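Q: Sequence and predicted model, in that order:
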Amino acid sequence: MNVKTQFQLSLMMFLEFFIWGGWFVTLGTFLGKNLEATGAQSAMAFSTQSWGAIIAPFIIGLIADRYFNAEKILGILHLVGAVLLYQMAHTTDFGAFYPYVLGYMILYMPTLALVNSVSFNQMSDPGKQFPFVRVFGTIGWIIAGSLISFFAWDSDQGVKDGLLSNTFLMTAGASALLGIFSFTLPKTPPKVDKNEKVSVSDMLGLEALKLLKDKNFLFFFIASILICIPLAFYYQNTSPFLTEIGVENSTFKMSFGQMSEVLFMLLLPFFFKRFGFKMTILAGMLAWTVRYLLFAYGDAGELAFMLIIGIALHGLCYDFFFVSGQIYTDTKAGEKYKSAAQGLITLATYGVGMLIGFWVAGEITDKFLAADETHDWQSIWTYPAFFALGVMALFVLFFKNEKIEYKDA
């Protein structure tokens, strides 16, 4: 891969995740403060990510894989997305906002697969080359959060002045830029003959359901869905929580979670080889419980370090469970069901699991809303902490240890 191509792919990844991190992280605060949305309404907004994940395989399977170059579809989706982000910035009530965010996420979620497709098509050794491209996505997410805090859009005064709407304008510009830039990317033609029949089960990876006959994989599959319930609490509630209790530069501080992803990704091979798959997964689950207990009992004053540690645990929570899970799934599936199995796990987690999780998080958040519009955050965070602990206990009991060879996911 030449230097020009690597630069193009790296910039593509940077913009792709700059866009997502530039509005999604502060969405909960925007909904509560700008649109006066309830917890249930916030859950509806966040659930658009899940609906996008469920619909994405149809867009990829029916259009991208069969009729048009991936880079051209990527460009069109981001150009239309820029218009929707601009419209979201100018909404003043939830009823007007929801159709825009739903439409946007249905368009955005397929682009996550498209940027990977464009990248892999240019690589002779993806296992070695892809991480050096993908890391720019993480950098993009971090810089987006840093800019929001630098401009003080997430500060107490900035939130009161409605400045969080600027996040949508910023990312609309980035989306338009990526949309135009996408047409200059290396050509990535369709991989499937447009006359070849593709079934719904092929697109959703449902043929991998045969793997559920394996009791260990079945329980891992169930645990993957269940652990997404506490994960949804993090995405939906962390920004409103930090803003409400008075943490300054909260969006920048939340980017510590993405920074830790890089660190724990480097530690994962050692931990996986030394302790095995089951212990790696359990470490990730335990981190969920510890994180939410730190959120429950930390504060913006002397105990602010507890909140920072909780945020920094994101890398351990995510990498040790989800990346390890991708490796485990790849190993169990074999060559025949490799792609189908990964698609099924993605559908189960970002689709079904997060959909349930956002709804549960919204209901519990509304339950602990006081008359003065503040929340009993200690009670709210206790729920996902003990739920994650329960999933971990079930995993200890029902998942039998098995030796899995580590391979880079």
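A: Received the coordinates, thanks. The structure displayed is predicted, hence computed values, not measured ones.

Q: contacts, neighbours, all on C-alpha from now
A: OK.

Q: Centroid-nearest residue for the chain?
A: Taking Cα atoms, centre = their mean, the centroid of the chain lies closest to residue 350, which sits 7.7 Å from it.

Q: Could you confirm that one falls within a helix?
A: Yes. Assessed with DSSP: H, G, I helix; E, B strand; the rest coil, residue 350 lies in a helix.

Q: just wondering, since we're on it, how far is it from residue 50?
A: Separation of residue 350 from residue 50 (Cα to Cα, to the nearest Å) stands at 5 Å.

Q: Any regions of the stretch 251-400 of the chain where pLDDT drops low?
A: Applying pLDDT under 70 to the stretch 251-400 of the chain flags residues 334-340, 342.

Q: residue ranges with poor pLDDT in the stretch 1-150 of the chain?
A: 59-66, 127.

Q: Strands of that one, start to end?
A: Assigned strands in the stretch 1-150 of the chain: none (criterion: DSSP state E, counting those that start in this stretch).

Q: in it, which spans are helices?
A: Using DSSP state H, counting those that start in this stretch, the helices of the stretch 1-150 of the chain run over 3-21, 27-33, 39-59, 70-89, 94-120, 126-150.

Q: List of residues touching stretch 47-60?
A: 101-102, 105-110, 113-114, 200, 203-204, 346-347, 350-352, 354-355, 358-359 (Cα atoms under 8 Å, 6 or more residues apart in numbering).

Q: 6 Å instead?
A: Contacting residues not belonging to stretch 47-60 are listed as 102, 105-106, 109-110, 203, 350-351, 355 [Cα atoms under 6 Å, 6 or more residues apart in numbering].

Q: sorry, back to before: for residue 382, find the nearest of the helices of the stretch 1-150 of the chain.
A: Taking Cα to Cα, helix 39-59 is the member of those nearest to residue 382, at 16.8 Å.

Q: Just the CA atoms of that closest one, as CSV, please.
A: This file holds the C-alpha atoms of helix 39-59, laid out as CSV (Å, rounded to 0.1, in the frame of the first residue of the first chain):
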residue,chain,number,x,y,z
GLY,A,39,-35.6,9.5,29.7
ALA,A,40,-37.9,7.5,27.5
GLN,A,41,-37.5,10.0,24.6
SER,A,42,-33.8,9.9,25.0
ALA,A,43,-33.9,6.1,24.8
MET,A,44,-35.9,6.4,21.5
ALA,A,45,-33.2,8.7,20.1
PHE,A,46,-30.3,6.5,21.1
SER,A,47,-32.1,3.4,19.8
THR,A,48,-31.9,4.8,16.3
GLN,A,49,-28.3,3.5,16.4
SER,A,50,-29.8,0.0,16.9
TRP,A,51,-32.3,0.4,14.1
GLY,A,52,-29.5,1.6,11.9
ALA,A,53,-27.5,-1.5,12.8
ILE,A,54,-30.5,-3.8,12.0
ILE,A,55,-31.2,-2.1,8.6
ALA,A,56,-27.5,-1.7,7.6
PRO,A,57,-27.1,-5.3,6.3
PHE,A,58,-29.9,-4.7,3.8
ILE,A,59,-28.3,-1.6,2.4
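
Q: orientation of it relative to helix 94-120 in degrees?
A: Relative orientation of helix 39-59 versus helix 94-120 (axes from the mean of the first three to the mean of the last three Cα atoms, to 10 degrees): 40 degrees.

Q: Can you give the distance of helix 39-59 from its chain's centre?
A: On the basis of Cα atoms, centre = their mean, to the nearest Å, helix 39-59 sits 12 Å off its chain's mean C-alpha point.

Q: Would you map out the domains in this structure?
A: 1-198, 205-403+405-409 (automatic domain parsing).

Q: Next, count neighbours for residue 382.
A: By other Cα atoms under 10 Å, 17 other residues sit near residue 382.

Q: Tell me where the stretch 201-350 of the chain has helices.
A: Going by DSSP H, counting those that start in this stretch, the stretch 201-350 of the chain shows helices at 215-244, 250-254, 256-297, 304-312, 314-318, 324-346.

Q: Would you format the ones you listed as CSV with mean neighbour count and distance to residue 180 included?
A: CSV is the format used below for the helices of the stretch 201-350 of the chain (neighbours: other Cα atoms under 10 Å; distance: least, Cα to Cα, whole Å):
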stretch, mean neighbour count, distance to residue 180
helix 215-244, 21, 30
helix 250-254, 23, 28
helix 256-297, 19, 27
helix 304-312, 20, 35
helix 314-318, 25, 32
helix 324-346, 19, 29
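
Q: Mind checking those for the one nearest to residue 365?
A: Closest to residue 365 of these is helix 215-244 (Cα to Cα; 8.3 Å).

Q: In contact with residue 341, which residues?
A: residue 208 are the contacts of residue 341 under Cα under 6 Å, 6+ apart.

Q: hmm, back to that, how about the contacts of stretch 47-60, which pair is most distant?
A: Maximum pairwise distance among the contacts of stretch 47-60 (Cα to Cα): 21.4 Å, between 102 and 203.

Q: re earlier: tabulate the contacts of stretch 47-60 in a markdown table, adding columns for distance to residue 74.
A: Compiled in a markdown table, the contacts of stretch 47-60 are given as follows (distance: Cα to Cα, whole Å):
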| residue | distance to residue 74 |
| --- | --- |
| 102 | 18 |
| 105 | 14 |
| 106 | 13 |
| 109 | 11 |
| 110 | 9 |
| 203 | 19 |
| 350 | 21 |
| 351 | 21 |
| 355 | 25 |
